[in-house]
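Student: Pasting the sequence and the predicted coordinates here, then a few questions.
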Amino acid sequence: MHAFQRRKAIAAALAACTIAATAAGCSSSSKTASAGSAPDSPVTISVGCEPPTSQAQPRANWVADVKAFEKLYPYITIKSDDTNPCDDPSTFDAKLASGKMDNVFYTYFTDAANVISSGESADIEQYASQINDYSSIQSSLLNVYRQGGSSSGDLYGVPTGNYSLGLVYSKALFKQAGLNPNDPPTTWAQVETDAIAISKLGHGIVGYADYSAQNTGGWHFVAELYSRGGTAVTSNGQSANFNNATGQAVLEYLHKLRFVDNVMGTNQGLVYQDLLQMMGSGKLGMYVGDPSTLTTMHSTYGTSYDDLAVGPMPGETATLLGGSGYMFNKDDTPAQIQAGIKFVNYEFETSGIGQFDYQRLAAQGQPVGLPEPDLWQGAVATKDDAAKAKYANIPTANFATYVAALPKMQLIIEPPQAQAIYAKGDAAMFAVLTNPNANIPQLLGTFASATNSILSNAQQ
């Protein structure tokens, strides 16, 4: 659902190149191509998702990085595309079918399977070894861009950012309610208990809130379904798999919080920014979200990082995995594909430069210390974590329980046709949060039927 933050001077970039020479495809001479790489004859590629001019600092960083990259590889010319939003779910499929995608185009994880099946993206499996630290990228992220979502499928893209949902909570309200701000709830029953305690503070304070409009309701329904051990669709992706006891438990729980416990407030039909505004202004105790929402609350509402934290997704069984990456146009030449991989390496896949230039970000006053993106595992992840910790300017301890729980949890990608499914899920979520007599089995049946139609139409 969400995009990720973006992008040092040429000297620093060249120094980083020396460190990552083999993996990133850098060389002692910009005119000498590494083994298996594209010839050094001139090549031009268009790359999507340049930050818009409204995002002044990220835009400036991108421009500086492109200039440094082109100095490093003088035979490659980058044409940046700042179309915003980078991936608009309402127009993406039409743009894809029209053949108007950039040479290197941005995608949400939820689009990857459709792009692959459409035949509009290039198979980059033979160039995979040129992706920086390829063997250390989390397999769950790479598999998003593999045919069939399987580790045995051919590769069609490179993941560049990811998030996993957890429980965002107000440490300030936890303290006021007599709760331990360093010990967030880890089960849905504990969320209920803590929400009741927080709501008792009065003054319009809501213990727990959830979404139910603009596709966000369906998104959270699926996330909460995952946390209870369920799945949104069957293993073959052809039909809904939530019209059952697990799906019913999600809606019954929310209905109880709303109408029995009275901890969710009366204002419903909430969308993405609403919950951030509520917590940012000190009126909300908990909601399901990812760590990046803390930076939004801090920058938009001036909320102190000391008052905000993220715990694990209740249940600590599974959580929704989202994110984005880059794919390659089916009409790209081998030289364009390899030039694109070099740029993706430089801007998104190398600790110390591009989006992982923590020294630059900290000097600019941008947040450093979030546990996402979380691209790597093993020694590469350890190295990047150490670099991040060196320049951290936010209280990383406030993500400790979230980070500790992730290795134990299953990270599940969003379902196929996610945005269309989410839109249908809004109605069920809205009904259980506004109608004290909501017929939950009926709501689930209607939602499942709509989902089956969406999946069936997509396969035709």
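Tutor: Done, it's in.

Student: any idea which residue sits dead centre in this protein?
Tutor: The residue lying closest to the centre of the chain (CA atoms, centre = their mean) is residue 323, at 3.1 Å.

Student: Strands of the chain, start to end?
Tutor: Taking DSSP state E as the test, the strands found in the chain are 43-47, 76-80, 104-108, 157-164, 166-170, 206-208, 284-289, 308-311, 318-328, 410-413.

Student: Counting by contacts, list what the longest one packs against.
Tutor: Put plainly, it is strand 318-328. Other helices and strands packing on strand 318-328, by 3 or more CB pairs under 8 Å, 6 or more residues apart in numbering; DSSP states H and E, are strand 104-108, helix 109-118, helix 139-142, strand 157-164, helix 216-227, helix 334-348, strand 410-413. Just so you know, the C-beta spots here come from the backbone N, C-alpha and C atoms, and that holds for glycine as well.

Student: In JSON lines, list these along with mean pLDDT, distance to residue 93 and mean neighbour count.
Tutor: Shown next, in JSON lines, are these (pLDDT from 0 to 100; distance: least, CB to CB, whole Å; neighbours: other CB atoms under 10 Å):
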{"stretch": "strand 104-108", "mean pLDDT": "96", "distance to residue 93": "11", "mean neighbour count": "26"}
{"stretch": "helix 109-118", "mean pLDDT": "91", "distance to residue 93": "7", "mean neighbour count": "21"}
{"stretch": "helix 139-142", "mean pLDDT": "92", "distance to residue 93": "23", "mean neighbour count": "19"}
{"stretch": "strand 157-164", "mean pLDDT": "96", "distance to residue 93": "16", "mean neighbour count": "25"}
{"stretch": "helix 216-227", "mean pLDDT": "98", "distance to residue 93": "18", "mean neighbour count": "26"}
{"stretch": "helix 334-348", "mean pLDDT": "98", "distance to residue 93": "22", "mean neighbour count": "24"}
{"stretch": "strand 410-413", "mean pLDDT": "92", "distance to residue 93": "19", "mean neighbour count": "18"}
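
Student: Could you dump those into JSON lines with distance to residue 242 added?
Tutor: Shown next, in JSON lines, are the helices and strands packed on strand 318-328 (distance: least, CB to CB, whole Å):
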{"stretch": "strand 104-108", "distance to residue 242": "21"}
{"stretch": "helix 109-118", "distance to residue 242": "17"}
{"stretch": "helix 139-142", "distance to residue 242": "22"}
{"stretch": "strand 157-164", "distance to residue 242": "20"}
{"stretch": "helix 216-227", "distance to residue 242": "6"}
{"stretch": "helix 334-348", "distance to residue 242": "34"}
{"stretch": "strand 410-413", "distance to residue 242": "13"}
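
Student: Relative to residue 300, which of these is closest?
Tutor: Among those, the nearest to residue 300 by CB to CB is helix 216-227 (17.4 Å).

Student: Quick one: neighbours of residue 193, just the number.
Tutor: 16 (other CB atoms under 10 Å).

Student: From residue 439, how far off is the residue nearest to it when sequence neighbours are not counted?
Tutor: Nearest residue to residue 193 in three dimensions, chain neighbours excluded: residue 185, at 7.3 Å (CB to CB, 6 or more residues apart in numbering). The gap separating residue 185 from residue 439 is 29 Å, by CB to CB, to the nearest Å.

Student: Which of those two has more residues huddled nearby?
Tutor: Neighbour count, other CB under 10 Å: between residue 185 and residue 439, residue 185 has more, with 21 against 12.

Student: so what's the nearest residue to residue 392 once chain neighbours are set aside up against?
Tutor: Nearest non-adjacent residue to residue 392, counting by CB to CB, 6+ apart: residue 369, 3.5 Å away. For residue 369, the contact set (CB atoms under 8 Å, 6 or more residues apart in numbering) comprises 388, 389, 392, 393, 394, 395, 396.

Student: same thing but 10 Å
Tutor: 291, 295, 305, 358, 361-362, 388-389, 391-399 (CB atoms under 10 Å, 6 or more residues apart in numbering).

Student: Next one: it relative to residue 363, how far apart?
Tutor: The value you get for residue 369 to residue 363, if CB to CB is used, is 14 Å.

Student: What of residue 339?
Tutor: To residue 363, residue 339 is 30 Å away according to CB to CB.

Student: ditto for residue 259
Tutor: In this view, residue 259 and residue 363 are 50 Å apart by CB to CB.

Student: Those two: who's more crowded?
Tutor: For the pair residue 259 and residue 363, the greater number of neighbours falls to residue 259 (16 against 13), based on other CB under 10 Å.

Student: ok, for the more buried one, nearest residue in space, not its chain neighbours?
Tutor: What sits nearest to residue 259 in space, not counting adjacent residues and going by CB to CB, 6+ apart, is residue 436, at 4.8 Å.
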